[in-house]
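K.L.:
Can you look at this prediction? I've put the sequence above it.
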Amino acid sequence: MDTFELTQEQKKLAYKIILRDSFDRIETIGGITCVSAGKNILATVVVLNLKTLELQEKQSFLLENPLPYRLGFEGFREVPAMIEAVNLLEVEPEVLIVSGDGIIHPRGLGLASHLGLSLNIPTIGIAEKLMCGTVENGKVFVDKEIKGFEVTTKEFAKPVYVSPGHLISLGSSLDLIRKVIRLPHKMPEPLHIAQRVAKKKVEGLRNCT
């Protein structure tokens with residue numbers, strides 16, 4: 001597919017995004033990330049107890065020959081691997097924090113939104129760079145609408161950008177992220193652990209080659 005077709009697909013999917021909480025209580029929260037492993041990509045997902053932030057489960061899936069990387073179209077490359085990783089879980093996360101944008105995206109469909117739609121579960125996007133929009137008083141505006149938040153998670157660190165992906169509200173996205181920050185880590189604990197597990201896994205793959 002060329003970028004025109006991908007753009008049209010994103011616009012179509014963005015209409016399906018729901019920014020309302022689809023849950024009452026949350027007991028488990030997940031974190032998921034994709035990292036490069038040579039020409040392949042490795043998706044790693046972890047599930048934590050929300051109250052204690054103790055790790056309950058971790059799974060990884062290596063996707064061979066993924067689509068090429070295109071800025072703004074990461075979902076088409078990474079979501080297939082992420083779905084496979086989540087499908088390996090025995091403990092299902094009630095909310096999934098995704099390393100990537102939610103609705104802070106030129107077409108309203110960042111990686112977290114794309115994955116949330118694909119899995120039909122609540123997702124929150126966390127990005128270290130602002131893809132689009134402007135920041136005013138900690139709020140990220142895209143086309144004059146609030147789409148997320150700029151959050152400084154630790155002193156002297158650059159901020160991260162939080163936005164709902166799917167099946168969760170703006171307010172709940174911010175509240176949940178604040179609950180799962182554990183200093184001195186910059187990223188929310190589910191993502192921090194997922195990134196750490198992924199790094200070890202990739203190092204293991206390199207040692208096997």
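P.N.:
Perfect, thanks for sending it.
K.L.:
Lowest-scoring secondary structure element of this protein by mean pLDDT?
P.N.:
helix 189-208 (a mean of 91; mean pLDDT, DSSP states H and E).
K.L.:
Show residues contacting it.
P.N.:
29-38, 42, 44-48, 53, 55, 58, 60, 62, 97, 99, 126, 180-182, 185-187 (C-beta atoms under 8 Å, 6 or more residues apart in numbering). C-beta coordinates here come from the backbone N, C-alpha and C atoms, glycine included.
K.L.:
Please point out which parts of it sit buried.
P.N.:
Burial within helix 189-208, assessed by neighbour count using 16 or more other C-beta atoms under 10 Å, is assigned to 189, 190, 191, 192, 193, 194, 195, 196, 197, 198, 201, 202.
K.L.:
Save the residues you listed as CSV, and put in distance to residue 20 too.
P.N.:
Putting these into CSV (distance: C-beta to C-beta, whole Å) gives the following:
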residue, distance to residue 20
189, 25
190, 22
191, 23
192, 28
193, 28
194, 26
195, 29
196, 32
197, 31
198, 31
201, 35
202, 37
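K.L.:
helix/strand/coil for the residue nearest the centre of the chain?
P.N.:
The residue lying closest to the centre of the chain (C-alpha atoms, centre = their mean) is residue 98, at 1.3 Å. Of the three states, residue 98 takes strand under DSSP: H, G, I helix; E, B strand; the rest coil.
K.L.:
what kind of secondary structure is the closest residue to it other than its chain neighbours in?
P.N.:
In this structure, residue 98 finds its nearest non-sequential neighbour in residue 112, 3.7 Å apart by C-beta to C-beta, 6 or more residues apart in numbering. Per three-state DSSP, the local secondary structure of residue 112 is helix.
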